[in-house]
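Enquirer: I'd like to go over a predicted model; first the sequence, then the structure.
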Amino acid sequence: MSFLDSDLVISGVLAFLAGMASVMVYFRVRNVGVERRYRADETVIEAVVLEYTRRLCDYDNVIAELSAKVDIMEVRSETPRTVTSQPSHHAQPHVAPPSEPVTITQHANVENQEANGTTDYILKLLAERPLTSREVQQSVGRTREHTARLMKRLHDSGLVSRDVNSKPFRYNITDAGRERLREKLAPAAV
């Protein structure tokens, strides 16, 4: 009986070891399959992210082009008004009919301190190098519309010049803008 008992024990141990080996092989094969699916999913996700990134860049470029075209159209629409108004002044004789004396009161140009600070900051940036409106927008942290209105106001007041030959427009500080900076910096230095 001891011989049969030892054979039975050895058979049981061998069966247990074979079962353990089978379970280990099964888990390794399953992990390899899961890893392959994970890598395949990772590749798909990476491809989707790259595609959306490319599309976002394309949309950004289209928006920049449209913004530049709108700016060009604004400049072109401003130019005819200026040209047509100048000849009409020269063609008409300047004869004023006699009238009663009129008192003219000049109101101080009241702008809030924030606008002056932003204007001065933009002029300082432009004194360093020419910038696009997008670069100015990112520097001052304002919306595109706010920056566009501000740059138009600076351009109309003659503090900055707009290079319409480059796309998007580049703004440069003019001599009047440099003079304003000197005026603002002189009281601060005293």
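Expert: Here it is on my side, so go on.
Enquirer: any idea how far residue 127 is from residue 120?
Expert: 10 Å (Cβ to Cβ, to the nearest Å). Just so you know, the C-beta spots here come from the backbone N, C-alpha and C atoms, and that holds for glycine as well.
Enquirer: between these two, which one's more packed in?
Expert: Between residue 120 and residue 127, counted using other Cβ atoms under 10 Å, the more crowded position is residue 120 (16 against 12).
Enquirer: how about the more buried one, nearest residue that isn't a chain neighbour?
Expert: Leaving aside its sequence neighbours, residue 120 sits nearest to residue 184 (Cβ to Cβ, 6 or more residues apart in numbering; 5.4 Å).
Enquirer: residues near the one you found, how many?
Expert: If you count neighbours by other Cβ under 10 Å, residue 184 ends up with 15.
Enquirer: now name the helix or strand holding it.
Expert: helix 175-189 (DSSP states H and E).
Enquirer: and that helix, what does it pack against?
Expert: Helix 175-189 sits against helix 113-128, with contacts defined as 3 or more Cβ pairs under 8 Å, 6 or more residues apart in numbering; DSSP states H and E.
Enquirer: for this structure, what helix or strand is lowest in average pLDDT?
Expert: helix 113-128 (a mean of 78; mean pLDDT, DSSP states H and E).
Enquirer: quick check, residue 71 in a helix?
Expert: Yes: under DSSP: H, G, I helix; E, B strand; the rest coil, residue 71 sits within a helix.
Enquirer: oh, and call the first residue 42 from now on, that's how I've got it
Expert: OK, 42 is where the count begins now, so the last one is residue 112.
Enquirer: shaky segments in the protein?
Expert: 42-45, 120-156, 228-231 (pLDDT under 70).
Enquirer: where along this structure do the strands fall?
Expert: 172-173, 201-204, 211-214 (DSSP state E).
Enquirer: so how far is residue 183 from the closest residue to residue 189 other than its chain neighbours?
Expert: The shortest distance from residue 189 to any non-neighbouring residue, by Cβ to Cβ, 6+ apart, is to residue 174 (6.3 Å). Taking Cβ to Cβ as the criterion, residue 174 is separated from residue 183 by 11 Å.
Enquirer: domain ranges for this structure, per the record?
Expert: For the chain, automatic domain parsing gives the domain ranges 42-118, 153-230.
Enquirer: hey, which of the ones you listed is tucked in deepest?
Expert: Mean neighbours per residue, mean count of other Cβ atoms under 10 Å, is largest over those for domain 153-230, with a mean of 15.
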